[in-house]
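Undergrad: Fold the following.
(2 chains)
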Amino acid sequence: MSDFDVKYVAHLARIALTPEEEVKIGGQLHDILGYIEKLKALDVTGVEPTAHAFPLSNVFRADEVTGSLTNAEALANAPSKANGLFIVPKIVE
Amino acid sequence: MLNQFTIAELTAKLQAKETSSREIVDACFKRIEAVDGEIKAFISHDRDDALRQADAADLLLRQGTTFREKPLLGIPIAIKDVLSVKGHPLNCCSKILGKYISPYDASVISKLREAGAVVFGRLNMDEFAMGSSTENSAFFTTRNPWDRSRIPGGSSGGSAASVAADECIASLGSDTGGSIRQPAALCGCVGIKPTYGRVSRYGLVAFASSLDQIGPFTKTVRDGAILLEAISGHDLKDSTSVPQPVPHYSSLLNGEIKGLKIGLPREYMVGGLDPEVQAATKKAVETLQSLGAEVVEISLPHTDYAVATYYIVATAEASANLARFDGIRYGLRVDGADPIELYSKTRGSGFGAEVKRRIILGTYVLSSGYYDAYYLRAQKVRTLIRNDFLKAFEKVDAIVTPTTPTPAFKVGEKSDDPLQMYLSDIFTISCNLAGICGMSLPCGFSKSPKLPIGLQILGKPFGEETMLNLAYAYEQNSSWHLEKPVL
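TA: Numbers count the residues shown, from 1 in each chain, chains lettered A, B, ... in the order given. Predicted coordinates:
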C-alpha cells in the first residue's frame, strides 16, 4: 500500500491526471486502501473465491444467424469515420 | 392528478375507459413542467415520442387489447440514463459518451414495450452508477422531493425522485451496491433489487457485471410486483440470466405471513445507526410480528468486511468494463499524437473524479503483484459473506434491516469524503455480493425535518415471492406510502 503510485496506476488505466488530481485522488485512494487493509485480518485459507453468485457454465444457444447492427448503425456514434471504418491515429510507422 | 395514481389504479381506470394513456402521459408532463425545475430528476425527455406511444396504446385499448395480454398498456415508465432505448440519448450522466444515441433497445425496454408501457425520459444518476447521492452526475444534482437541500440518494436518484414527486407512474433503475434500495428509502418509495440473474442485463451499461441488476421503483409493493414480473426472465442475450420460470408475483400477494420466519441480523444494529431509523425499523418488525411472523435473531458475522470487499470487487470489474470508453468507437474523443495519448486524454477529460478514482483503484487491485493480496482475497471474503446469508436462510425465510443508517443527508455533506460516502451503503452492499434479492419500502419518517425512512427486506435467491408478500403485508398495515411530499 505504501508503494501505491497514483501516477503509474493512472497510466496503466490510460487516464491522464492533472497534477492537482494526482495529489487529491492519490490521497483519497491512500485512505481507501487503508480501509481495505482490514480484509487482511481474515483467515481465508481453503476458501474458494466467488466470481459470480450463480455461476452458469456452458451457456449455449442454437447456432443460428440472427440480426446485428449494420455497418452504418455501428458507425453512427463514431467520433471520426470514413469509408465505413473508424479513423484512428497512426499506430505503425 | 392522474400522475399521482399507481399502475394498479390506472390500469383499472383504463380498463373502465375512465381515462386514456394520452391523459396520463399529459398529466406526467404537466407535473414535470411544474416541479422538475426544482427536483431535476430528468436530464431529458421527449414528449412527442411519449405521446405517440400513448396514442398507440389507446388505439390497442379501443381495439380490445386486455391487460392480461399487455399488463402495462398505456402506463408511462421513466428510465435511468444507464439503459439503452433505441434512438434516444444515453450518457450514463457522463461527459465521455458525448452525443451517443442508443442503436438498440435493452432487453428490459423490449419487455416493457411488449407489455404495452410508454417508455420515456432519461433519469439523472451518479456517473456510471458510481455514487450514493447523484452528486457525481456530470449534469446536475437531483434534489430530494421531501427536502430540496438534501440528496435523493443514488446512484438511481432520478429514478427515485421522479416517482416520489409523481412525475411518472414508475421507473427503472439499476443496483450494484444499493443504487435502487438506498434512493428508494431516502425518497420514500418502493425499490426492488432482484436476485442476480433474474433480470437480463443486456443493454444496461455495465459497471460491475457480477453485481449489477436492473429493478423497478414504484409507489406501492403491488406495482413493484407488477413491474418486476414484466421485466424478469431468461434472455439469450445475457448469458448470466437464469433460466427459471417467472412467478406471477402480483397475483401471489395475499398478505398472509403467519409462521414466516424473519431474521434480524445483530450486526446491523450498530453504532452510527440513527435513533429514528432504529426506532422505525423496530416498530416495523413489531408490525410484522403482530401479523404472525416469527422473529429470529441471526448473525451475519462477516458484515463488517462487506464495504471493503465491495470496493475491491466492484472497482476491479469497473476498471475492465469501462476500458471500452476509449474515444475510438463512440462518444467523446480528445486527439493525441498516438493511440495511448488519445485514450489517456479522452478518459482524463471525459470521466469525472469518482469514476477516475474507482477505475484507478480497480486497476491497482488487479495489477501484477497485487492481484492475490486484494482481488483474489476479496473474492474469497465474498464467499464468506455469501455463506453467511445462505446459512441464515436455512433458519429464516427473509431478513429485515434498515435500508440506510440515516435519512437523506445534505447536498455537499459527504461529496468530498468518498470513504464516508461508501459507508452510507453499509446495509445494502452485502445483498449484491451474495447475489440474493432485496427491496426497500417506506416504514416511517424522521420528525424534523420530515424525511422518509426505508425498511429493507432481503430474500433468498429467487425468493422474490416471499419478500414481496412480507412487504405487502406490512404495507397493508401502514400508511407511510400514502404520504406525499409538499411540492
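Undergrad: was I right about residue A:84 contacting residue A:73?
TA: No: using CB atoms under 8 Å, residue A:84 makes no contact with residue A:73, being 11.6 Å away. Backbone N, C-alpha and C define where each C-beta goes, glycine included.
Undergrad: residue boundaries of the helices in the stretch 101-250 of chain B?
TA: Assigned by DSSP state H, counting those that start in this stretch, the helices in the stretch 101-250 of chain B fall at B:107-114, B:157-164, B:181-187, B:221-231.
Undergrad: and the closest residue to chain B within chain A, what does it touch?
TA: Going by CB to the nearest CB, chain B is nearest to residue A:53 of chain A, at 2.2 Å. By CB atoms under 8 Å, 6 or more residues apart in numbering or on different chains, the contact list for residue A:53 reads B:196, B:197, B:210, B:386, B:433, B:434, B:435, B:436, B:461.
Undergrad: Where does the prediction get shaky in chain B?
TA: Chain B contains no residues with pLDDT under 70.
Undergrad: need the contact list for the most centrally placed residue in it.
TA: Central residue check for chain B by CA atoms, centre = their mean: the C-alpha nearest the mean position is that of residue B:180, 2.2 Å away. Residue B:180 is in contact with B:156, B:159, B:173, B:174, B:191, B:192, B:193, B:215, B:217, B:440, counting by CB under 8 Å, 6+ apart.
Undergrad: Residue B:149 now?
TA: Neighbour list for residue B:149: B:143, B:410, B:411 [criterion: CB under 8 Å, 6+ apart].
Undergrad: With residue B:93 as the reference, measure out to it.
TA: 21 Å (CB to CB, to the nearest Å).
Undergrad: Which residue, neighbours along the chain excluded, lies closest to residue B:330?
TA: Closest residue in space to residue B:330, ignoring its immediate chain neighbours: residue A:77 at 3.6 Å, by CB to CB, 6 or more residues apart in numbering or on different chains.
Undergrad: Specify the local secondary structure of that neighbour.
TA: Look at residue A:77: counting by DSSP: H, G, I helix; E, B strand; the rest coil, its state is coil.
Undergrad: how about it, what does it touch?
TA: By CB under 8 Å, 6+ apart, the residues touching residue A:77 are B:98, B:99, B:100, B:101, B:103, B:329, B:330, B:331.
Undergrad: Tell me if the first one really is in a strand.
TA: This means residue B:98. No: Residue B:98 sits outside any strand when classified using three-state DSSP, being coil.
Undergrad: related to what we said a few turns ago, can you put the helices of the stretch 101-250 of chain B in JSON lines and add mean neighbour count and distance to residue A:23?
TA: Compiled in JSON lines, the helices of the stretch 101-250 of chain B are given as follows (neighbours: other CB atoms under 10 Å in any protein chain shown; distance: least, CB to CB, whole Å):
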{"stretch": "helix B:107-114", "mean neighbour count": "22", "distance to residue A:23": "41"}
{"stretch": "helix B:157-164", "mean neighbour count": "35", "distance to residue A:23": "29"}
{"stretch": "helix B:181-187", "mean neighbour count": "35", "distance to residue A:23": "30"}
{"stretch": "helix B:221-231", "mean neighbour count": "27", "distance to residue A:23": "44"}
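Undergrad: Test my guess that residue B:469 contacts residue B:252.
TA: Yes: using CB under 8 Å, residue B:469 is in contact with residue B:252, at 6.8 Å.
Undergrad: which one of these two has more residues nearby?
TA: The neighbour comparison of residue B:469 against residue B:252 (other CB atoms under 10 Å in any protein chain shown) goes to residue B:469, with 24 against 15.
Undergrad: How far away from the center of its chain is the helix or strand harbouring the more buried one?
TA: In this structure, residue B:469 sits in helix B:464-476 according to DSSP states H and E. Remark: helix B:464-476 is offset 18 Å from the chain centroid, using CA atoms, centre = their mean, to the nearest Å.
Undergrad: do the same with stretch B:184-194
TA: A distance of 7 Å separates the centroid of the chain from that of stretch B:184-194, by CA atoms, centre = their mean.
Undergrad: Which parts of the stretch 351-487 of chain B are helices?
TA: Secondary structure of the stretch 351-487 of chain B (DSSP H, counting those that start in this stretch): helices at B:353-366, B:377-395, B:418-423, B:429-434, B:464-476.
Undergrad: so what does the first one touch, helix or strand wise?
TA: The criterion is 3 or more CB pairs under 8 Å, 6 or more residues apart in numbering or on different chains; DSSP states H and E, and the helices and strands that helix B:353-366 contacts are helix A:6-12, helix A:19-36, helix B:306-321, helix B:339-350.
Undergrad: Test my guess that residue A:7 contacts residue A:25.
TA: No: the pair residue A:7 / residue A:25 is not scored as a contact, 10.2 Å apart, by CB under 8 Å.
Undergrad: Near residue B:256, how many other residues are there?
TA: 12.
Undergrad: ok, it to chain A distance?
TA: From residue B:256 across to chain A, the span is 29 Å (CB to the nearest CB, to the nearest Å).
Undergrad: Out of the helices of the stretch 101-250 of chain B, which is closest to residue B:321?
TA: Nearest to residue B:321 among those is helix B:107-114; the distance by CB to CB comes to 17.8 Å.
Undergrad: Could you list which residues are in contact with residue A:4?
TA: Counting by CB under 8 Å, 6+ apart, residue A:4 touches A:26, A:29, A:30, A:33, B:364.
Undergrad: Neighbour-wise, give me the winner out of these.
TA: Busiest of those [other CB under 10 Å] is residue B:364, holding 27 neighbours.
Undergrad: How about that residue, nearest residue that isn't a chain neighbour?
TA: The shortest distance from residue B:364 to any non-neighbouring residue, by CB to CB, 6+ apart, is to residue A:9 (4.8 Å).
Undergrad: Give me the pLDDT for the one you found.
TA: Residue A:9 is assigned 97 on the pLDDT scale.
Undergrad: Go ahead and confirm it touches residue B:362.
TA: No: if you go by CB under 8 Å, residue A:9 and residue B:362 don't touch, sitting 9.7 Å apart.
Undergrad: between the two, which one's more packed in?
TA: Using other CB under 10 Å, the more surrounded residue of residue A:9 and residue B:362 is residue B:362, with 27 against 23.
Undergrad: Which residues are in contact with the residue of chain B found nearest chain A?
TA: Closest residue of chain B to chain A, CB to the nearest CB: residue B:435 (2.2 Å). In this structure, residue B:435 makes contact with A:52, A:53, A:54, B:195, B:196, B:197, B:386, B:461, judged by CB under 8 Å, 6+ apart.
Undergrad: How many residues are close by the closest residue to residue B:186 other than its chain neighbours?
TA: In space, and not counting its chain neighbours, residue B:186 is closest to residue B:153: 3.8 Å by CB to CB, 6+ apart. Neighbour count of residue B:153, defined by other CB under 10 Å: 38.
Undergrad: And for residue B:463?
TA: Residue crowding around residue B:463 was assessed by other CB under 10 Å; the count is 16.
Undergrad: how much space is there between it and residue B:371?
TA: On the measure of CB to CB, residue B:463 and residue B:371 end up 34 Å apart.
Undergrad: Doesn't residue B:264 belong to a strand?
TA: Yes: applying three-state DSSP, one finds residue B:264 inside a strand.
Undergrad: Reformat the helices of the stretch 101-250 of chain B as a markdown table; add distance to residue B:27.
TA: A markdown table is the format used below for the helices of the stretch 101-250 of chain B (distance: least, CB to CB, whole Å):
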| stretch | distance to residue B:27 |
| --- | --- |
| helix B:107-114 | 19 |
| helix B:157-164 | 14 |
| helix B:181-187 | 20 |
| helix B:221-231 | 17 |
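Undergrad: Which one, of these, ends up nearest to residue B:237?
TA: helix B:107-114 (5.9 Å).
Undergrad: Provide the contact partners of that closest one at residue level.
TA: Against helix B:107-114 from outside (CB under 8 Å, 6+ apart): B:70, B:72, B:77, B:79, B:83-86, B:105, B:119, B:172, B:199-204, B:214, B:230-231, B:233, B:235, B:237-238.
Undergrad: Tell me which of those residues fall in strands.
TA: Within the contacts of helix B:107-114, residues falling in strands by DSSP state E are B:77, B:79, B:119, B:172, B:214.
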